[in-house]
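1. Starting from these lines, generate the structure:
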Amino acid sequence: MMRIGGHFHSDHPLDDAVACGAKIAQFFLGDPQGWKGPVIPGGAPGALRDAYAAAGVDVYIHAPYVLNVASANNRIRIPSRKLLGQHLKAAASIGAQGLIVHGGHVTAGVDPTVGVANWVKAVEQIERPLPLLIENTAGGDGAMARKLEAVARLWEGIGSAADGGGEVGFCLDTCHANSAGIDLADAVDRVKAVTGRIDLVHCNNSRDAFDSGADRHANFESGTIDPEALLAVVRAAGAPVVCETPEAGLAGDIAWLRDRVG
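-> All right, here's what the predicted structure looks like:
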């Protein structure tokens, strides 16, 4: 049975997950726009791990949005690398299945291969006690994981890295892919041809048009993507699914998906 859940923003994501029948709870360990280290809810990793296990709910942690290990700017790249390592350790301590991080970007005028080289250094230097899942992004000319050509370049670089210990996987976000101009009809096959894997699907509709470059999630029935196209991606990927749709309709989206593939 496919594991389906959601991203929860409250202080009690387990309660939210149980209330809507979700089998996955994804959440942040702190401010997604901040640089402070991760904070374990309740302060007791073992107790939190046991509570989720008892409820039969898997945990995925999303790294802060500000992290950018690809950056050529030392003041961004070095703190990003440090904070990423901290979040990996914290996520592992509560029994998370994986830590999701955006691919990052380089600024205008910087060769994207510089960003790839910085990713290689991160993979080689950061201990990964659980899978690190790189997520495709919606916009930005210097993005490391927006277009499939960029993902291929990044994956080739990561594949050449000396083993830093632990897995590097891929998280496919449907809203981001649509906004990046990737046709969802064959997105799974094309992504797997590049990465060899899809470890997690972020199943989200979009408020914006195809190839818009915009990252604005929508509930399944109110976005610009045909919900059946989202369903087809989920079925083809065969991976656990997290819905990151707006909170007002999140429980309904989880139920809609569960009724069809769960």
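2. ok, the closest residue to residue 160 other than its chain neighbours - contacts?
-> In this structure, residue 160 finds its nearest non-sequential neighbour in residue 120, 6.8 Å apart by C-beta to C-beta, 6 or more residues apart in numbering. For every residue, glycine as well, the C-beta is placed using N, CA and C. If a contact means C-beta atoms under 8 Å, 6 or more residues apart in numbering, then residue 120 has 157, 158, 160, 161 as its contacts.
3. Would you mind writing the PyMOL command to select the buried ones in the residues you listed?
-> The PyMOL command for the buried members of those (criterion: 16 or more other C-beta atoms under 10 Å) is given here:
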select buried, resi 157+158+161
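4. which of the contacts of residue 120 lies closest to residue 255?
-> Of all the contacts of residue 120, residue 255 sits closest to residue 158, with 36.3 Å by C-beta to C-beta.
5. hmm, back to that, would you mind identifying the next helix or strand past the helix or strand hosting the residue nearest to residue 160?
-> Assessed by DSSP states H and E, residue 120 sits inside helix 112-125. Sequence-wise, the next helix or strand beyond helix 112-125 is strand 132-135, with elements assigned using DSSP H and E.
6. Let me see the mean pLDDT of that following strand.
-> Taken as a whole, strand 132-135 has a mean pLDDT of 98.
7. residues in contact with stretch 71-84?
-> Judged by C-beta under 8 Å, 6+ apart, the contacts made with stretch 71-84 from elsewhere in the structure are 35, 37, 63-64, 66-70, 101, 104-107, 110, 114-115, 118, 121-122, 125-126, 132.
8. Restricted to buried residues, select the residues you listed in PyMOL.
-> For selection in PyMOL, the members of these meeting the burial criterion (16+ other C-beta under 10 Å) are listed in this command:
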select buried, resi 63+64+67+68+69+70+101+104+105+106+115+118+122+126+132
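9. Nothing else from me, thank you.
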